[in-house]
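mind folding the following:
(one chain, ligands or ions: 2)
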Amino acid sequence: MAATTHAASMSFLLSHPQSRSATPSRHLPLRPAARRVQCATDAAALSPAVTTKHRRAADENIREEAARHPAPKQGLSAWYEPFPPAPNGDPNERYSLDEIVYRSSSGGLLDVRHDMEALSRFSGAYWRDLFDSRIGRTTWPYGSGVWSKKEFVLPEIEPDHIVSLFEGNSNLFWAERLGRDHLGGMNDLWVKHCGISHTGSFKDLGMTVLVSQVNRLRRAPLSRPIAGVGCASTGDTSAALSAYCAAAGIPAIVFLPANRISLEQLIQPIANGATVLSLDTDFDGCMRLIREVTAELPIYLANSLNSLRLEGQKTAAIEILQQFDWEVPDWVIVPGGNLGNIYAFYKGFEMCRVLGLVDRVPRLVCAQAANANPLYGYYKSGWTEFQPQVARPTFASAIQIGDPVSVDRAVVALKATDGIVEEATEEELMNAMSLADRTGMFACPHTGVALAALFKLREQRVIGTNDRTVVVSTAHGLKFSQSKIDYHDSKIEDMACKYSNPPVSVKADFGAVMDVLKKRLKGKL
Ligand SMILES: Cc1ncc(COP(=O)(O)O)c(C=O)c1O
Ligand SMILES: N[C@@H](CCOP(=O)(O)O)C(=O)O
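Ligands and ions are numbered 1, 2, ... in the order given. The predicted model follows:
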C-alpha cells in the first residue's frame, strides 16, 4: 500500500554544499562502513565498558558533563534555501541559520536543507544504531526525542545552547479495540500521542529547536539583539513558545484570537509569564499582525513560517519508524491547519529513506475540519485552484485556519507520497473523538478529525483491514475538555451526540443506587 516517493521529490532534500571541499574524510578518521557508532554519548549506550559509568561529580550538572565530552566534529551542516527552488531564481541563494530571515528574496518560503552528502557518508544502519542507542537516557541533550536525532536537526548547535524539556519520545499506542471493534477488524492501528508532551501538543518538538537557535543567537559570540520571540496562535504554539522561553529566560509575546481558544490553552502562556495579547480577530488576522510586528521590531518569529520549527517536528516521523523497529507503516494520518506539520512528517520520512534508514515512505493523509478546509478544496480541484477562506468555528479550534502559511509545503508532501486529503464535519469529528475515548483514549477534537478521516477511508476501502496505519494525535484531550463537556451534556445544536455519557444523578440511598445499576447492567448481572 505504501508509496515509493517520486525521484523528483528528493531534490527538495538532497542538497549539496557548493563551496565545500570534495574530500569527504577530513573530519572522519575512520571509514564509515568500518565504524561503529562512536560520537561522544553515542558510544556510551553501545559499549559494555561504559555501562558501569561512575556518577558525575556532585557539583556538576548534565550540561557541564556534556561539555566535558564534546562530540567529535562530523562535518555536518544545514542552511536555509528557497522553497521550492525558484525556477528562475538564483540557484546559489542560501542563508546561514544564524541569519534572521523567514522569506526568500522572491518573497517565498524557506526550507532548512542538510548537507546530505556529508550525512550519507554514514550508513543507514549507523544512524539507526546511533538513534536507538540514545532512547530513554538522560545524557544531555540526547534524552530528548528531538535532540537524540541532533545530526538530522541542527547538527552545528552547541549542546550548551540547547533549550530542551526532554520532549518527544511520545507513546505509540496500539489502538486494539478501536481497530477491531469499530473499524472492521483492523489489527494494526496505532495512535502516535504527540500531545502527551510537556505543554500538551506536538508544538514542543519544533519549539525546542527554534528557541535553542534563538538562545544561540542571543548569546556570545553572536550576541544578536533579539528582544523576544513572538507568534500568532490558536493556542498550542503559544503554549509551547511560552514554556520554552520561560525555561531559557527569554521574553515571549503571543497574539491570540480573542474567545477562540480553550481556557486551558489561554492559561498556559499567562502562567509562563508571556506577554499575551488577546486580539479581536481570527488566527489569520493574528498571523498578519505578527508578521508586520516582527518586520518592525527585534522580535523573532516563532510560527512555522519559520522553517526551523519543522526540523524538530519532523523527528516525530523518525520516532514512528524507530518505534516500529525501522519498519515503515502503510499510512500516516495527520490533522492539518497551518500545514507545516504534514510537510514536517514528509521531511522526516523522506530523509530516512534517502539516507538508507528505511527503503520507502508511507502514504500521508491530511485531515481537515470541513469548517476550515482550504487544502481539501485545493485537493478536490486536482491541485488547480487554491482558495483561501475565512475559516468557520470548529470544535477543532486549533486548526480553524483559512489561509495556511505552508500550503505549498503540504502539496509537495502529498504529491510525493501519493497522499490524500479528507475532511470531517463537526458531528463526524466529535463522534470519532468520543468513540476513541470509549476505547480508552482521551482524544482532542483535532485527533477526532484524523480519526474521522480514517473512518471514511476504511468505508471507501482505501485503507485495508491489515494496513499498518498511524493516526497522529496532535494535542492532549485535557486541553479541550469543554468540547467534551458540551458533547456529553448533549448541548450541541444540531448534533445527536450519539456517544454521550452523562453522569446519572442518584439519591444517596442503597435502593436507588441498586435500581440504577440493575438497569444499566441489564442482562450482564
Ligand atoms: C492540536 C493541533 N493539531 C493540529 C494542528 C495543525 O498543524 P499544522 O498547523 O502544522 O497543520 C495544530 C496547529 O495548527 C494544532 O494545534
Ligand atoms: N495550531 C497552531 C496554529 C499556528 O501554527 P504554526 O505551526 O504556524 O505555529 C497554534 O497552536 O497556534
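
strands of the stretch 201-350 of the chain, start to end?
Remark: strands assigned in the stretch 201-350 of the chain by DSSP state E, counting those that start in this stretch are 228-232, 252-257, 275-279, 299-301, 331-335.

how many degrees apart are the first one and strand 275-279 in direction?
So that's strand 228-232. Interaxial angle, strand 228-232 versus strand 275-279 (axes from the mean of the first three to the mean of the last three C-alpha atoms, to 10 degrees): 30 degrees.

direction included, what does strand 228-232 pair up with?
Paired strands of strand 228-232, with direction, are strand 252-257 (parallel), strand 299-301 (parallel) (DSSP bridges).

quick one: name the residues of the stretch 251-400 of the chain near ligand 2.
Taking C-beta under 6 Å from any ligand atom as the criterion, the neighbours of ligand 2 within the stretch 251-400 of the chain are 303, 304, 337, 338, 340, 398. Any C-beta I mention is one placed from the backbone N, CA and C, and that applies to glycine too.

which residues does the nearest residue to the fifth one once chain neighbours are set aside contact?
Of all residues not flanking residue 340 in the chain, residue 304 sits nearest, at 3.2 Å (C-beta to C-beta, 6 or more residues apart in numbering). For residue 304, the contact set (C-beta atoms under 8 Å, 6 or more residues apart in numbering) comprises 206, 237, 310, 313, 338, 340, 341, 405, 406.

how close does residue 304 sit to residue 368?
In this structure, residue 304 lies at 16 Å from residue 368, with C-beta to C-beta, to the nearest Å as the measure.

stretch 208-222 close to ligand 2?
No. With C-beta under 6 Å from any ligand atom as the criterion, ligand 2 is not reached by stretch 208-222; the gap is at least 9.7 Å.

out of the strands paired with strand 228-232, flag the one nearest ligand 1.
Proximity of those to ligand 1 was assessed by C-beta to the nearest ligand atom; the nearest stretch is strand 252-257, lying at 12.5 Å.

as TSV, the strands paired with strand 228-232 with distance to residue 385 would be great.
Output for those, formatted as TSV (distance: least, C-beta to C-beta, whole Å):
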stretch	distance to residue 385
strand 252-257	27
strand 299-301	29
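
how about the residues of the stretch 251-400 of the chain near ligand 1?
Where the stretch 251-400 of the chain comes near ligand 1, counting by C-beta under 6 Å from any ligand atom, the residues are 304, 335, 336, 337, 338, 339, 340, 341, 398, 399.

now the two most distant members of these.
Comparing all pairs in these by C-beta to C-beta, the longest separation belongs to 304 and 335, at 14.1 Å.

quick one: low-confidence ranges for the chain?
Per-residue confidence of the chain (counting by pLDDT under 70) places the weak regions at 1-53.

the spatially most central residue of it: what's it in contact with?
With the centre of the chain defined as its mean C-alpha position, the nearest residue by C-alpha atoms, centre = their mean is residue 313, 3.6 Å away. Residue 313 makes contact with 202, 205, 206, 304, 340, 341, 344, 345, 348 under the criterion C-beta under 8 Å, 6+ apart.

which residues in the stretch 51-200 of the chain form strands?
Taking DSSP E, counting those that start in this stretch to define them, one finds strands in the stretch 51-200 of the chain at 78-83, 95-96, 109-114, 172-174, 189-193.

quickly compare these and say which is most buried.
strand 189-193 (a mean of 24; mean count of other C-beta atoms under 10 Å).

which strands or helices does that one pack on?
Helices and strands in packing contact with strand 189-193 are listed as strand 172-174, helix 176-182, helix 315-323, strand 469-473; criterion 3 or more C-beta pairs under 8 Å, 6 or more residues apart in numbering; DSSP states H and E.

list of residues touching the longest one?
Contacts of helix 315-323 with the rest of the structure, by C-beta under 8 Å, 6+ apart, involve 128, 131-132, 135, 145-146, 148-149, 152-153, 168-170, 172, 192, 194, 202, 205, 327-329, 332, 344-349, 351-352, 357-358, 470, 472.

now residue 481: which helix or strand?
helix 481-488 (DSSP states H and E).

over to residue 421?
Following DSSP H and E, the helix or strand that holds residue 421 is strand 420-424.

other SSEs contacting that strand?
Strand 420-424 is packed against strand 363-369, helix 374-380, helix 445-459, with contacts defined by 3+ C-beta pairs under 8 Å, 6+ apart.

just want the angle from the first one to helix 315-323.
Here strand 363-369 runs at an angle of 130 degrees relative to helix 315-323 (the same axes, to 10 degrees).
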